[in-house]
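Visitor: generate coordinates for the sequence data below:
(2 chains)
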Amino acid sequence: MNAYALVVGLLLLAWAGDGLLKPEGKRGLSSGTEFLLAGILLGPLGLGTINRDTLEALAPLTVVAASWLGLLSGAHMGFARNRRVPLSHLGAGIGLGVAVFAACAAVGWFLAPRLLPDGEALRPFLALGLGAAGSETAHAAVLWRADEKRGPNPLLDFFSDLAVADDILPILGLALLFALAPQPAGTPLTDEPWLSLALTAGLGVCLGAISAALTRVESRPTERWGILLGTALLGVGLSARLGLAAPAVLFLMGVTLNQLCDDGPAIRAMLERTSRPVLLPVVALAGASLDLRDGRAVWVAAALVPLVRLAVKVPLGAWFRTRLGEGVSASRWMGLGLMSSGAISVSVGITVAQRFNGPVGHLVLAAALASVVVGEFLGTPALRRELKLAGNGAPSTPPAPQETPS
Amino acid sequence: MSAAGQRTWRSRAVQAVVLLVGFALVYIAQTSIPHSNGMLDAISGLGFLLLAGTLLSELLEVVGLPHLSGYLLAGILAGPHVLGLVDHDSVERLGRVNALALALIALAGGAELRLETLRSSFRSLAWATFLQTTLVGLVVGGLFLGLSSFIPFLAALPLPAAMAAAMLWAVLATTRSPSAVLAVTAQLRPKGPLTDFTIAFVMLSDIVVVVALSLTLAVAKLLVDGGSVDASSFTTLGRELLGSVALGTTLGAVLAIYLRFSKQALLPVLLGLGFGLTELLKYVHLDPLLSFMVAGFVVQNFSASGDRLLDSVEKTGAIVFVVFFATAGAHLDLPLLASIWPVAVALAGGRLLITVATAQLASHIVKDPPLIRRWGWAGLVSQAGLALGVAVLLTRAFPSFGDGFYTLAVGVVAINEMVGPVLFKLGLDRAGESGKGLVDRAETAPVKA
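Guide: All right, here's what the predicted structure looks like:
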């Protein structure tokens, strides 16, 4: 397929993504799994309509879109459903993320020498990659259900808070993975992972501060878009030049922007509108980029990562249940409701697949996509069931935005 | 007073500091890691131009310059000929984004053309178009020939070929810049007869240039290569014009139906059309600019969705125009301009003078309102992408003098590109049609020319 035709097709998906978000109700699957499957079907593994050359030609666009998802996630860090995430929930979410990250990373550490040629050398990369790909809880999935349950709902808030808080783990893992990876020839960062991490943080914070300073003095929406888009594109380009993980840089940019700007809700609302239109094309491209040339290793990674997520999240969910306050009812299987995986996993998967064009990239992408699919068919129904059981989310008037002044 | 006009010195200081930080950031990255990263470098360049163009345009507003000048200056400073923050390869790659920008600009331009305005100012537009094409062409072509001793490639040509080159230069002189006019109007949101006249004139001049160029090419070929006039070129021209208008009409009808029945965001649709159709139209040898312009015209005048289309395109304006003109600025070859500036200034100055005189003559004949009589020329000076496109075409058609011709054209267009928007803004300011940035479109009754 011609690259132009594919761009037009992706724009069509973006249009569809916008169309699926109707005020009267959301349509489709929250993670965009149907588009992922369509991508696989049209990609080199399926009908071959989208071939590898076309995917390669579009790689820069894919990086931009994946990084944009990082920016969205960063801008929402610490905020869920238009309110600040309580510190205790933030801690619980990060703890959940650490546990899942560690378990998925252990899978990578264990698998690399057994399944991959030159596996010993690839061990840290695969461990970090699988950890990053498997440790997200998609808050899109929670918010997808949030509109169905508009009344005050502590359980829904708790799910949202955990989902927002644990986004930082995959992003940190991705930044570390890029820092440890051999740098492209000509860059002065070779063998200096700490410098790479410091640059990731510094660049992200600097770009976030720039965009915050400018949005403070600019209230016109179109000009604000120009500022955000310009800064984000600059961030992606500079990250590529410096060999940094662009989604991590933009995530930090989003965090800084959200903390320093004086119009957080408006900026977050602006960015949120792009979430589906950007996610769906990326998910479709990720599906098309799936590569099974590493045979058994890909299948094993794709099977084990969701299993490990399940094995960690279900008991942790049961433990969380015991810590929920009075009057909040949840089943012992509430951990299943945390199985959803989405934008960040896909972003990590596709970014790693492009940076590590070999077994590590293939396995991480496959694991990320498997987590998304399993999360959609296992996590989302479980989430719905939990919210139904909680019974305190009967549709009522939408909650007024109540953000703690920063 | 525009929102931008209410800025405090503190805001300006923030913008200036951020601009400097941005330049420093990119400069450090470029110098510490000089290796090229292909398309990602272009993306970085795009982001930087977008940011720097936006900021510089705000800062230059203090001295009364239009935003477009800021976009251009950002491109010139960041471009390969000054600081080199955006390299030549990236500038070339951004050409595809420019094609998209041009499609949106043409769509907006067509949607700005209202039948009511065209009808009421038909006589004025017809005379202005006729005189601005013939007189400007004749005088500038004559001046070009008169300066032949200062133009090395021209001095070396035999008389028939030199005359052919002068004719082609005359056509080049009649090209205007719809994008520059629309960029200035997008910034100032002016209302009034001068605005209506200028937009209508520059959009229609695109069609006139296409026709004039084809006719002149045929005659010039005859003068340079000998032989007879190739009638097939006229058939091709007719096919191109009719095909572009037909496709534009169809596209306009489809867009109108879509706008009537869909409340969804229009931006992805516009981007898809801009990217996909531009390539398709080029592939079938139709003129994308004309097609998109006709589509915008159809939506505006034959459906009730014109204002929605215009509003959607204008919402992207602050981004589209920055990208388009900042990239154009990065394209400007300053060393080249420095080497040919005396002749380029003479040709640009001559064109400016005859444009002013012709505008006043046309206004006098049709008894235009005093505003148009005084300032009708102000929007006709700018030249940009269309002129350069014509120059490229001529370069390919006449390899014997094409390179020298192109070099001089780039120099003259560069001057007009920088001076034209400033003059247009000055005209709008003096005519009292600017400074209504916050007035809603619906609040202002249409003004007849």
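Visitor: stretch B:380-390: end-to-end distance?
Guide: Taking Cα to Cα, to the nearest Å, the first and last residues of stretch B:380-390 lie 17 Å apart.
Visitor: ditto for stretch B:330-339
Guide: First residue to last in stretch B:330-339 (Cα to Cα) measures 18 Å.
Visitor: repeat for stretch B:257-274
Guide: End-to-end for stretch B:257-274, by Cα to Cα: 18 Å.
Visitor: and stretch A:39-48, by the same measure?
Guide: Taking Cα to Cα, the first and last residues of stretch A:39-48 lie 10 Å apart.
Visitor: stretch A:254-272 now?
Guide: End-to-end distance of stretch A:254-272 (Cα to Cα): 12 Å.
Visitor: does any part of it sit near chain B?
Guide: No - using Cβ under 8 Å from any Cβ of the partner chain, stretch A:254-272 stays clear of chain B, coming no nearer than 12.2 Å. The way it works is simple: take the backbone N, C-alpha and C, and place the C-beta from them, glycine included.
Visitor: center of the chain, which residue is that?
Guide: No chain was given, so I picked chain A. For chain A, the residue sitting closest to the mean C-alpha position, by Cα atoms, centre = their mean, is residue A:344 at 0.9 Å.
Visitor: please refer instead to chain B.
Guide: So for chain B, Cα atoms, centre = their mean, it's residue B:177, sitting 3.0 Å from the centre.
Visitor: may I have the predicted confidence score for residue B:38?
Guide: For residue B:38, the model assigns a pLDDT of 75.
Visitor: now do the contacts for it.
Guide: A:60, B:89 (Cβ atoms under 8 Å, 6 or more residues apart in numbering or on different chains).
Visitor: and the spatially closest residue to residue A:383 that is not a sequence neighbour, how far from residue A:389?
Guide: Closest residue to residue A:383 apart from its sequence neighbours, by Cβ to Cβ, 6 or more residues apart in numbering or on different chains: residue A:337 at 3.8 Å. Going from residue A:337 to residue A:389 by Cβ to Cβ, to the nearest Å gives 10 Å.
Visitor: of the two, who's got more company?
Guide: residue A:337 (29 against 14; other Cβ atoms under 10 Å in any protein chain shown).
Visitor: surely that one is in contact with residue A:316?
Guide: No - in this structure residue A:337 lies outside contact range of residue A:316 using Cβ atoms under 8 Å: 11.7 Å.
Visitor: tell me who's in contact with the residue nearest to the centre of chain B.
Guide: For residue B:177, the contacting residues are B:202, B:382, B:383, B:384, B:385, B:386, B:387, B:416, B:417, B:420, by Cβ under 8 Å, 6+ apart.
Visitor: how does it look with 7 Å?
Guide: B:202, B:382, B:383, B:384, B:386, B:420 (Cβ atoms under 7 Å, 6 or more residues apart in numbering or on different chains).
Visitor: looking at those, spot the one nearest chain A.
Guide: residue B:384 (20.1 Å; Cβ to the nearest Cβ).
Visitor: okay, now the closest one: neighbour count?
Guide: 27.
Visitor: that one touches residue B:419, doesn't it?
Guide: No - here residue B:384 lies out of contact with residue B:419, judged by Cβ atoms under 7 Å, at a distance of 11.9 Å.
Visitor: and for residue A:262, the neighbour number?
Guide: For residue A:262, using other Cβ under 10 Å, the count is 10.
Visitor: excluding its backbone neighbours, what's nearest it?
Guide: residue A:216 (5.6 Å).
Visitor: ditto for residue A:126
Guide: Using Cβ to Cβ, 6+ apart, the closest residue to residue A:126 is residue A:108 (3.9 Å).
Visitor: show me what the helix or strand in which residue A:127 is found is packed against.
Guide: Element membership for residue A:127, per DSSP states H and E: helix A:119-134. In terms of contacts (3 or more Cβ pairs under 7 Å, 6 or more residues apart in numbering or on different chains; DSSP states H and E), helix A:119-134 is packed against helix A:87-115, helix A:168-180, helix A:296-323, helix A:343-355, helix A:359-374.
Visitor: outside of it, which residues touch it?
Guide: Outside helix A:119-134, the residues that touch it by Cβ under 7 Å, 6+ apart are A:100-101, A:104-105, A:107-109, A:111-113, A:116, A:170, A:173-174, A:176-177, A:180-181, A:301, A:305, A:308-309, A:345, A:348-349, A:352, A:356, A:359-360, A:363-364, A:367-368, A:371.
Visitor: can you tell me the element residue B:294 falls in?
Guide: Using DSSP H and E, residue B:294 sits in helix B:288-302.
Visitor: buried set for that helix?
Guide: Buried residues in helix B:288-302, counted by 16 or more other Cβ atoms under 10 Å in any protein chain shown: B:288-301.
Visitor: closest one of those to residue B:359?
Guide: residue B:293 (22.5 Å; Cβ to Cβ).
Visitor: contacting residues for that closest one?
Guide: Shown in contact with residue B:293 (Cβ under 7 Å, 6+ apart): B:106, B:109, B:110, B:203, B:206, B:248.
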